[in-house]
Every structure is written in structure tokens, then in C-alpha cells.
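**Student:** Below are the sequence and a predicted model for it; my questions follow.
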Amino acid sequence: MEFRQHPAVTLAEVAEAAGVGESTVSRVLRNHGSFSRETRDRVMEAVERLGYVPNRIAGTLASAGSRLVAFVIPSLSNIVFPDVLRGASSVLEANQHQAVFSVTDYDAEREEALVAAMLAWRPTAVMLAGFEHTEGTVRRLHASGCRVVEMLDLDGAALDLAVGFSNRSAGCTSADFLVKRGYRRIGYVGHDLTRDTRARKRFDGFCEALGSAGFALVDREICTGASSVESGRLGLERLLARKPDLDAVYFSNDDMALGGYFHCLAHGISVPSKLAVFGYNGLDIGRVTPQPLSTIRTPRVETGRVAAELVVTDAPPQVVDLGFELIEGATA
């Protein structure tokens, strides 16, 4: 059957079909206010029969206070940011707020453009990753009058609300762990440290802690493009081609670390007796590998949940440190 475009069914048409006023239809669809069960049934029957789809955006803009919460996040290529969204959405839905999101691909200029586009919808809050933004982004956020939540980092000055943990401290903790385990010739495999500022802070903290212990990073391999299992595997291969006598490698995240671990399995490199592997994020898949991954577990779902609670309760400006957890695992 050929599909043909038709004008959208309107609220007025639903009201006429149900024999009620438009305000009654609106109350039923929002499940707010007084109406009888019979009225509800008539309205919902008309909605179903006509195929009416409520315009939530228009409803939000027409209301006195917007219930949109805009997420401007760097990536959806790993589980980190979907976990944050999952934690936030449970709170937002329970409080009749609607989450919308866009992806920057770790590009600060793109973040500025997307923030401007999101602010045009007059959201009640904008949630961002980290503290590093362009001057234009900061200027627009200040002028918007909406709440701002910066997530997954505490190494910087918050614009309004901040929820997360110190990436620099996570890097220091990782280095301290490897040094205490007796590793001395340590390398690094990661992705773009210029674009991913939180990975850069972890790297800086890691090198700082190594220096405090009297050691230095032997070598590093920075992979182009987004982090992935494949780039971690190839990155370790290239690093070991230059420095085959490394005894440990710190990876920018668990995706990369798992790629490195798979490289070791494929080439008969004993982990950790020949080479230790250490990651970051504490992804579930790292717990079910033949040897559980040694890593830092971050509270991603909790970060989203707390951030959303601060927004829906209109909390005063504050910084919430959720910390992180060292997972000893079996690869280091």
C-alpha cells in the first residue's frame, strides 16, 4: 500500500471526536488535573483511532517552565555516556522531564554550535561533559538563565553544578597501583589527548605520580580517531614493536585496554607475568574476560542520576564528588 503524507491530526480534532474540550484532552494526555474514567476512555479511544501524536516540544515551549533537559555529550561509541543517560533518564521521567541529546565527537566548536541549538528550545537545564568549553559556549550558557551541569570531571571550576570525580586523581591512583605492584618499565596507549581533555588529565596525573615515585613513562602510543577495542590492539602492537621490554601498559580506557589484552592473548604474551594491562572505566565486559581487567571503576549511572536530581529539585550551585573505585582485577 502506498504511503501518502497527510496533515498531522490536531488536538482540536481529537477533542471533537471525543466530544470534549481541548483543555480536557490536554489534561488526559498529561495525566494531570481532574477528569473521569469515562472521559479518559473516550479521549484515548479517539487518540488511538485518529493516530494522534502529542507534540511534546510545543507543549514544553508553551508551558511556563520548560521540562526539556538537554544533554550535549562527546560520544555514543562506548557505554560511558549511555550509562550517564540511563541514570539521568530514570529520574527525569519520574519527574515528567524530557531528555534530548546531541553528540559533539569531542569537538569544542561543535559543542558550541550544539549548545546554541539546544538553548533555542529553552531547556530547563543543559548537561555537559567536563569543564573545558569555548568562550562562546560559556557566554551562551551564562546568558541562557538555565541550569548547567558539568559531569564526569571535578578538575576545574564549575559554571553552576558539577557531578563526578577527579580524573587527575584517577590517573595518580592507577600509577601508584602499578608502582606498588613492582612495575617499572611502563608505557601508555591512548586516543587523542587534545580533544578528550578528561583522558589528558588522567594521563597527566599518571605521569605525575610516576615522577613522584622516581620513574618516568618509557613510551606512549596515541591512536588517531575515537577509542575502540581495535585501536587498543593496534596501539599496543605498535608500542611493543618499539619497546618490547615493557612490563606494564596503562590504557586511556577499558575499550583500549581490552584490545591490548586481546593482542596479548593472540600473540602468547602472558598477562600479567610478562605484561600487565591496566584500564579505566570499569566496564562490565572487563569483569567477564578470562582474566578480569585491572582498572578504575567510575560511577557513570550514579553521575547521571545525581545530576538529574539536582536539576529537578532546583538545587543551589554545588560540586558533588562521587569518587571512583580501584578494581585490582587479574591483569596487573
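**Tutor:** Yep, it's here. In this text the structure is predicted, and so the values were computed from the model without any measurement.
**Student:** CA atoms for contacts and neighbours, from now on please.
**Tutor:** Noted.
**Student:** Val148 is in contact with Leu159, correct?
**Tutor:** Yes - counting by Cα atoms under 8 Å, Leu159 touches Val148, with 6.8 Å between them.
**Student:** neighbour-wise, which of the two wins?
**Tutor:** Between Leu159 and Val148, Val148 has the larger neighbour count (other Cα atoms under 10 Å), namely 24 against 16.
**Student:** wait, is that one part of a helix?
**Tutor:** No - judged by DSSP: H, G, I helix; E, B strand; the rest coil, Val148 forms no part of a helix; its state is strand.
**Student:** three-state assignment of the residue lying closest to it once chain neighbours are set aside?
**Tutor:** Computed as Cα to Cα, 6 or more residues apart in numbering, the closest residue to Val148 that is not its neighbour in sequence is Val126, at 5.0 Å. Val126 falls in the strand class when you classify it by three-state DSSP.
**Student:** pLDDT wise, what is Val126 at?
**Tutor:** With respect to pLDDT, Val126 scores 96.
**Student:** which residues does it contact?
**Tutor:** Neighbouring residues of Val126 by Cα atoms under 8 Å, 6 or more residues apart in numbering: 69-72, 115, 146-149.
**Student:** separation between it and Ala157?
**Tutor:** Noted for Val126: a distance of 17 Å to Ala157, by Cα to Cα, to the nearest Å.
**Student:** what's the answer for Arg233, then?
**Tutor:** Taken as Cα to Cα, the span from Arg233 to Ala157 is 36 Å.
**Student:** neighbour-wise, which of those two wins?
**Tutor:** Ranked by neighbour count (other Cα under 10 Å), Arg233 and Ala157 place Arg233 first, with 21 against 13.
**Student:** Ranking helices and strands of this structure by mean pLDDT, which lands last?
**Tutor:** helix 56-62 (a mean of 53; mean pLDDT, DSSP states H and E).
**Student:** CA-only coordinates of whatever helix or strand comes next after it in PDB, if you can.
**Tutor:** Sequence order places strand 68-73 as the next helix or strand after helix 56-62, per DSSP states H and E. Output in PDB follows, covering the C-alpha atoms of strand 68-73 (Å, rounded to 0.1, in the frame of the first residue of the first chain):
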ATOM      1  CA  LEU A  68      13.300  19.700  28.500                       C
ATOM      2  CA  VAL A  69      16.800  18.700  29.700                       C
ATOM      3  CA  ALA A  70      19.500  19.000  27.000                       C
ATOM      4  CA  PHE A  71      22.500  16.600  27.000                       C
ATOM      5  CA  VAL A  72      25.500  17.700  24.900                       C
ATOM      6  CA  ILE A  73      27.800  14.700  25.100                       C
END
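**Student:** same question for stretch 99-115, mean pLDDT?
**Tutor:** In this model, stretch 99-115 has an average pLDDT of 93.
**Student:** One more: stretch 156-163?
**Tutor:** pLDDT averaged over stretch 156-163 gives 97.
**Student:** Now that stretch: buried residues?
**Tutor:** Within stretch 156-163, the residues scored as buried using 16 or more other Cα atoms under 10 Å are 158-163.
**Student:** So of the residues you listed, which two are at opposite extremes in space?
**Tutor:** Spatial extent of the buried residues of stretch 156-163 (Cα to Cα) is set by the pair Leu159 and Val163 at 11.7 Å.
**Student:** Overlap of the contact sets of the two?
**Tutor:** Counting by Cα under 8 Å, 6+ apart, the contacts common to Leu159 and Val163 are 149-150.
**Student:** Can you read off the pLDDT for Ser75?
**Tutor:** Per the predicted model, pLDDT is 89 at Ser75.
**Student:** quick revisit: show me which of the contacts of Val126 is closest to Glu45.
**Tutor:** The nearest member of these to Glu45, counting by Cα to Cα, is Val69 at 30.8 Å.
**Student:** Tell me the buried residues in stretch 208-217?
**Tutor:** 208-210, 216-217.
**Student:** Tabulate these in JSON lines, adding columns for distance to Val179.
**Tutor:** What follows is these, written out as JSON lines (distance: Cα to Cα, whole Å):
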{"residue": "Glu208", "distance to Val179": "12"}
{"residue": "Ala209", "distance to Val179": "9"}
{"residue": "Leu210", "distance to Val179": "8"}
{"residue": "Ala216", "distance to Val179": "11"}
{"residue": "Leu217", "distance to Val179": "12"}
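**Student:** Give me the subset of the residues you listed lying in helices.
**Tutor:** Residues of those located in helices (DSSP state H): 208-210.
**Student:** Distance check, the most centrally placed residue in the chain against Val72.
**Tutor:** Nearest to the geometric centre of the chain sits Phe81, at 2.3 Å (Cα atoms, centre = their mean). Using Cα to Cα, we find Phe81 at a distance of 10 Å from Val72.
**Student:** before we move on, what about Trp121?
**Tutor:** 14 Å.
**Student:** likewise Asp83?
**Tutor:** When distance is defined by Cα to Cα, Asp83 is 14 Å away from Val72.
**Student:** Now do stretch 174-193: everything it contacts.
**Tutor:** Stretch 174-193 has contacts (Cα under 8 Å, 6+ apart) with 199-200, 206-207, 209-210, 213, 215-227, 232, 235-236, 239, 245-253, 256, 278, 295-296, 326, 332.
**Student:** Repeat the analysis, applying 6 Å as the threshold.
**Tutor:** Stretch 174-193 is contacted from outside by 200, 206, 209, 217-223, 227, 246-252, using Cα atoms under 6 Å, 6 or more residues apart in numbering.
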